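K.L.:
based on what follows, work out the 3D shape:
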Amino acid sequence: MTSPQPDLRSIAAAFRLCGDFVAAVPYGSGHINDTYALSYNQGGTPVRYLLQRVNHTIFKDVPGLMDNIQRVCAHAQARLAAAGCPDASRRALTLIPTVDGAAFHRDDRGNYWRVYVFIEHATGHNIVQSPAQAYEAARAFGAFQKLLVDLPG
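P.N.:
Below you'll find the model as predicted:
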């Protein structure tokens, strides 16, 4: 999804992000949503967030999509915390709300935006390189499904 470069600083300001805005740069190799790594300074400590413009041509009901994402993230985090998982913040996405408490922001051009806490040192792969990598992906997907087994419909 591409269009004229948005004012990422003003879009980021719509979210409850801690610190001072430093920069926003394109991130990753996705082909559905536009993704940016936001850099912030929190009292001398660099912190990153992941900002995405949701492709509303593909996802026709963005509010419904974001309701589902919010529910899944909150449920997974609660299950991990209850299990005492030591790295729970790396195992479930953390959705950052807007300053108004919503799961997404809609800009003046009609684009939908969401923000997650950036998970440092995580990797993503577009093409499976080995059977071991495929196994780990399947194992992670199974663990994700297990987290959601008791999530109400």
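
K.L.:
quick one, phi/psi of the most far-flung residue of the chain relative to its centre?
P.N.:
In the chain, the residue that sits farthest from the middle, by C-alpha atoms, centre = their mean, is Pro131; the gap is 27.3 Å. Dihedral angles of Pro131 (phi, psi; degrees, to the nearest 10) stand at phi -60, psi -40.

K.L.:
ok, so what distance separates it from Ala122?
P.N.:
Distance of Pro131 to Ala122, given as C-beta to C-beta, to the nearest Å: 22 Å. Glycine gets a C-beta too; all of them are placed from N, C-alpha and C.

K.L.:
show me the contacts for Ala24.
P.N.:
Going by C-beta atoms under 8 Å, 6 or more residues apart in numbering, Ala24 touches 8-9, 12, 36-39, 51.

K.L.:
change it to 6 Å
P.N.:
Contact analysis of Ala24 by C-beta atoms under 6 Å, 6 or more residues apart in numbering lists 8, 36, 38.

K.L.:
what about the last one, distance to His31?
P.N.:
Put plainly, it is Leu38. Taking C-beta to C-beta, one finds Leu38 at 21 Å from His31.

K.L.:
what about those two, which has more around it?
P.N.:
Leu38 (25 against 9; other C-beta atoms under 10 Å).

K.L.:
quick one: the strands in the chain?
P.N.:
Counting by DSSP state E, the chain has these strands, from start to end: 20-26, 34-42, 45-54, 95-96, 105-106, 112-117.

K.L.:
nearest to Gly84, out of the ones you listed?
P.N.:
strand 112-117 (20.1 Å; C-beta to C-beta).
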